[in-house]
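> kindly generate the corresponding structure for this input.
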Amino acid sequence: MTQEIWLHNLQTKTPQEGFELAIKLSRMGVKYTQPDIEVLKELRSKYANDASRLTAASQVVALHFQTVSAANNYWKK
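Coordinates of the predicted model:
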């Protein structure tokens, strides 16, 4: 199975775009890990109302945002 190339680089024009890219990275990580959309839909109800799991998801987004920020030198602008 050939995967579509969707990530060409980590460069973004603004920190907002960088944060959105971090969310996309997180979502794509889940999609690659569990490619069965029906299973994903079934699992969503289990984590959507669980504060610990939502916090863990936020941590993954934050980690990706750190990576995107480093690639864009956001802290130096």
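
> and the residue nearest the centre of this structure?
Against the mean C-alpha coordinate of the chain, by C-alpha atoms, centre = their mean, the closest residue is residue 26 at 1.9 Å.

> mind listing what that one touches?
57, 60-61, 64 (C-beta atoms under 8 Å, 6 or more residues apart in numbering). From N, CA and C alone the C-beta is placed, and that goes for glycine too.

> could you tell me which of those count as buried?
Among the contacts of residue 26, the ones that count as buried by 16 or more other C-beta atoms under 10 Å are 57, 60-61, 64.

> possible to save the residues you listed as JSON lines with pLDDT?
What follows is the buried ones among the contacts of residue 26, written out as JSON lines (pLDDT from 0 to 100):
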{"residue": "57", "pLDDT": "95"}
{"residue": "60", "pLDDT": "98"}
{"residue": "61", "pLDDT": "98"}
{"residue": "64", "pLDDT": "98"}
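
> where does this protein have low pLDDT?
Under the criterion pLDDT under 70, the flagged ranges of the chain are 1-2, 77.

> please enumerate the helices of it.
Counting by DSSP state H, one finds helices in the chain at the ranges 15-33, 37-47, 51-72.

> make JSON lines from these and add distance to residue 4 to it.
Shown next, in JSON lines, are the helices of the chain (distance: least, C-beta to C-beta, whole Å):
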{"stretch": "helix 15-33", "distance to residue 4": "11"}
{"stretch": "helix 37-47", "distance to residue 4": "16"}
{"stretch": "helix 51-72", "distance to residue 4": "19"}
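
> of all those, which one is nearest residue 7?
Closest to residue 7 of these, according to C-beta to C-beta: helix 15-33, at 7.6 Å.
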